[in-house]
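S.K.: sequence unknown, structure follows:
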Ligand SMILES: [Zn+2]
Ligand SMILES: [Zn+2]
C-alpha cells in the first residue's frame, strides 16, 4: 500500500502553465490549463469564455484595433495604386 504514495504525482491536478498553481480549467483559446488568477473572462459574446492572460494580452477583448490596422495596411497601398492608375489614365487621355 505504501507504493501508492509514489503515484501521487501522476494523479495530481493539472497545474497552471503561467504560475504553477492548481489549474481551474483550460483556456478557451489555447487550451492550456490555467488557474483562476491567470485567466480572464471574455466579454461581448453570447457565451462567456475563460481565456488565459497570454491570450488576453495577445488578442485582447476586442479585435477592432488589430482588424483596423490590417485593413489600413491593405487599403493604403491600394489607394496609392488606384491614385497612380488614375493619374496615368488622366495623363494618357490628354
Ligand atoms: Zn496561474
Ligand atoms: Zn490561452
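M.R.: Okay, I see it. None of these values were measured; they are calculated from a predicted model. Ligands and ions are numbered 1, 2, ... in the order given.

S.K.: Could I get the pLDDT score of residue 3?
M.R.: Residue 3 carries a pLDDT score of 53 in this model.

S.K.: what do you get for the one 5 residues further on?
M.R.: Model confidence at residue 8, given as pLDDT, is 54.

S.K.: How much space separates residue 29 from residue 40?
M.R.: 11 Å (CB to CB, to the nearest Å). Yep, even glycine has a C-beta here, placed from its N, CA and C like the rest.

S.K.: where do the contact lists of these two overlap?
M.R.: Counting by CB atoms under 8 Å, 6 or more residues apart in numbering, the shared contacts of residue 29 and residue 40 are 51, 52.

S.K.: Could you tell me the phi and psi values at residue 26?
M.R.: phi -80, psi 150 (degrees, to the nearest 10).

S.K.: thought it was touching residue 32?
M.R.: Yes - counting by CB atoms under 8 Å, residue 32 is a contact partner of residue 26 at 6.7 Å.

S.K.: Select the longest helix from the protein.
M.R.: The single longest helix within the chain, with elements called by DSSP state H, is helix 64-93.

S.K.: Off-centre distance for that one?
M.R.: 29 Å (CA atoms, centre = their mean, to the nearest Å).

S.K.: ditto for stretch 82-94
M.R.: Centre to centre, stretch against its chain (CA atoms, centre = their mean), the figure for stretch 82-94 is 43 Å.

S.K.: Who are the contact partners of residue 18?
M.R.: Here residue 18 is in contact with 34, 35, 38, 52, 53, 54 (criterion: CB under 8 Å, 6+ apart).

S.K.: what comes up buried for stretch 43-54?
M.R.: Using 16 or more other CB atoms under 10 Å as the test for burial, stretch 43-54 gives 50, 51, 52, 54.
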